[in-house]
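K.L.:
What shape does this take:
(2 chains)
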Protein chains: 2
Amino acid sequence: MGMHMAQNLIESGYHLQVYNRTLSKIDELGAASVTVCKTPAEAAAGVHALVSMLSEDEILKETVTGPDGILKTFPKNAVHISMSTIGPDTSEYLAKLHSDAGSSYIASPVFGRPPAAASRKLFICISGDAAAKEIATPILECLGQRIVDFGENVGGANVVKVAGNFMIIASMEMMAEAFTLAEKNGLDRAQVADFFGSTIFNAPIYQNYGKLIANKQYEPVGFKASLGYKDARLAVKLAQLSQTPMPAATLAHDRLLSAVAKGWGDRDWVEGVARGVSEDAGV
Amino acid sequence: MGMHMAQNLIESGYHLQVYNRTLSKIDELGAASVTVCKTPAEAAAGVHALVSMLSEDEILKETVTGPDGILKTFPKNAVHISMSTIGPDTSEYLAKLHSDAGSSYIASPVFGRPPAAASRKLFICISGDAAAKEIATPILECLGQRIVDFGENVGGANVVKVAGNFMIIASMEMMAEAFTLAEKNGLDRAQVADFFGSTIFNAPIYQNYGKLIANKQYEPVGFKASLGYKDARLAVKLAQLSQTPMPAATLAHDRLLSAVAKGWGDRDWVEGVARGVSEDAGV
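P.N.:
Numbering: from 1, shown residues only, chains lettered A, B, ... in the order given. So this is what the prediction gives:
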């Protein structure tokens, strides 16, 4: 994701200071408009805005607050544009630290897989301080097809992202159950998936994941089951913090926890869900 | 549903013998092309095809096999087109009875609410004997926008219908949970619903039910919670018969069972699901 996003920013004329935990990946970006940095602090020095895209809350916190972290060098009045899928509590925590340091922070998680990132087709949810959002907007416009503002409460966009990923996992679960029911009753899974994906469920989620689930096509790995499990954990944690019983989220959580327990953490999350449903049904 | 379908058949030039449990409703159809019948047996006499649209398995069975039932008069070689939402086991049972009597039976359940029936926009799933399907097809073409053939196993189309209604209930549950999570975290339910309905979940199910769930708009009643509960029961029963563990279907079943238990059986199924989720969360 980060690689595609960086490429789009370079193409739009930005000069980037880039830090990645796997430094070798940065070489793919080409040299002219990129300064390769060895630490987050080095990447954060002298910029007017910083984009972070990391895999989970704790890694992001460490990247901001660690000994070589962003806050060590981040200029006053600069904006941290935080695009990772994290909980709203993490955004609130980091926004406070930035505020104390004279800089600012907005949440801007995205919907879309790497090909959508490559073609600037991401849907971007934003929330946080209005002035910071104004600075971030031209940058985000280079990355997505649509930016939706969920208000000044900095965690708002994170709530939408967590809710959305829960809905995606729940959709996979329900398709896997429906198609397995069809299979065990003598029907063709692919025909059933095609019927729903072209009629009452004609949305990308059902068409794309529906085809993979129907065909039990679990490769190539697009998004790891371990990351899907992390997203399900975020949903359950948010449900707990806000006292919102979500039995479908608990089910999604247990399905992916089981996938991880079975050793499928590095497989696609579609496999984590759909193979689990199939195995439960003995097929 | 039946009223709209009858109207469309009349407009397509068919003469109908009509039986309805509530006889007064038939008067709305107008007299010229309609013979009003007092029993299913009377309606079944002398026809080449018969369409049934009833609310559940037991009522359909009684209508076919009862003392004034269809089988008392149904001509040999005539086709019973069974459009109700019922289990595949009921279709198998009735197809056998018809076969023994020299007539035939096909399953042809539909997706679409009354307005879709009025405008011939139903999606119709069919299964059963090929020759019978051929006789039924011109009739079904007057009723829907698309007919999809799920094979010669007579219960196949019923499996698809049961799976589909399970997916609709599961989708309502997941939207209600997601929007309640958003609400309890300070977001506007309607904005969140609009975002998902116009991006990754841009299918009619999410746009139409999503708006009702977001706005907690539970009237007018379009489809009763008690009928939704019946559909959830069909899914759980089919899961049991075919040994397919479906935890999301069990959840859908319990949600609507709870709605019925709370006295909401005559309210809309959207209320049955979404108000249940809200009440669980104390809002």
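
K.L.:
make it CA atoms for all contacts and neighbour counts henceforth
P.N.:
OK.

K.L.:
what's the spacing between the worst-scoring helix or strand of chain A on mean pLDDT and its chain's center?
P.N.:
Lowest on mean pLDDT, DSSP states H and E among the helices and strands of chain A sits helix A:204, with a mean of 88. From the chain centre to the centre of helix A:204 is a distance of 17 Å (Cα atoms, centre = their mean, to the nearest Å).

K.L.:
Same check on stretch A:65-73?
P.N.:
Using Cα atoms, centre = their mean, the offset of stretch A:65-73 from its chain centre is 23 Å.

K.L.:
Just the buried positions in that stretch, please.
P.N.:
Neighbour-count burial for stretch A:65-73, counted by 16 or more other Cα atoms under 10 Å in any protein chain shown, picks out A:65, A:68-73.

K.L.:
So, low pLDDT: which residues of chain A?
P.N.:
Counting by pLDDT under 70, the ranges of chain A that qualify are A:31.

K.L.:
Using CSV, write out every CA atom in stretch A:91-110.
P.N.:
C-alpha atoms of stretch A:91-110 as CSV (Å, rounded to 0.1, in the frame of the first residue of the first chain):
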residue,chain,number,x,y,z
SER,A,91,-5.7,8.3,17.4
GLU,A,92,-6.8,10.2,20.5
TYR,A,93,-3.6,9.3,22.3
LEU,A,94,-1.4,10.4,19.4
ALA,A,95,-3.4,13.6,18.6
LYS,A,96,-2.8,14.7,22.3
LEU,A,97,0.9,14.1,22.0
HIS,A,98,1.1,16.1,18.8
SER,A,99,-1.0,18.9,20.2
ASP,A,100,1.3,19.1,23.2
ALA,A,101,4.3,19.3,20.8
GLY,A,102,2.7,22.1,18.7
SER,A,103,2.1,19.8,15.7
SER,A,104,-1.2,18.2,14.7
TYR,A,105,-2.6,14.8,13.8
ILE,A,106,-5.5,13.6,11.7
ALA,A,107,-6.9,10.1,11.2
SER,A,108,-7.4,9.2,7.5
PRO,A,109,-7.8,5.4,7.1
VAL,A,110,-8.6,4.0,3.7
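
K.L.:
before we move on, back to that, what does the least confident helix or strand of chain A contact?
P.N.:
Residues outside helix A:204 that contact it (Cα atoms under 8 Å, 6 or more residues apart in numbering or on different chains): B:200-202.

K.L.:
from these, which is closest to B:S119?
P.N.:
The nearest member of the contacts of helix A:204 to B:S119, counting by Cα to Cα, is B:N202 at 22.2 Å.

K.L.:
could you pick out which of the contacts of helix A:204 are near chain A?
P.N.:
With Cα under 8 Å from any Cα of the partner chain as the criterion, those include B:200-202 near chain A.

K.L.:
So which elements touch whichever helix or strand comes after the least confident helix or strand of chain A?
P.N.:
Using DSSP states H and E, the helix or strand that follows helix A:204 towards the C-terminus is helix A:210-214. With contacts taken as 3 or more Cα pairs under 8 Å, 6 or more residues apart in numbering or on different chains; DSSP states H and E, helix A:210-214 sits against helix A:156-184, helix A:189-197, helix A:269-280.

K.L.:
try 7 Å
P.N.:
Under the contact criterion of 3 or more Cα pairs under 7 Å, 6 or more residues apart in numbering or on different chains; DSSP states H and E, helix A:210-214 touches helix A:156-184, helix A:189-197.

K.L.:
relative to helix A:156-184, how tilted is the shortest one?
P.N.:
Computed by axes from the mean of the first three to the mean of the last three Cα atoms, to 10 degrees, the angle separating helix A:189-197 from helix A:156-184 equals 130 degrees.
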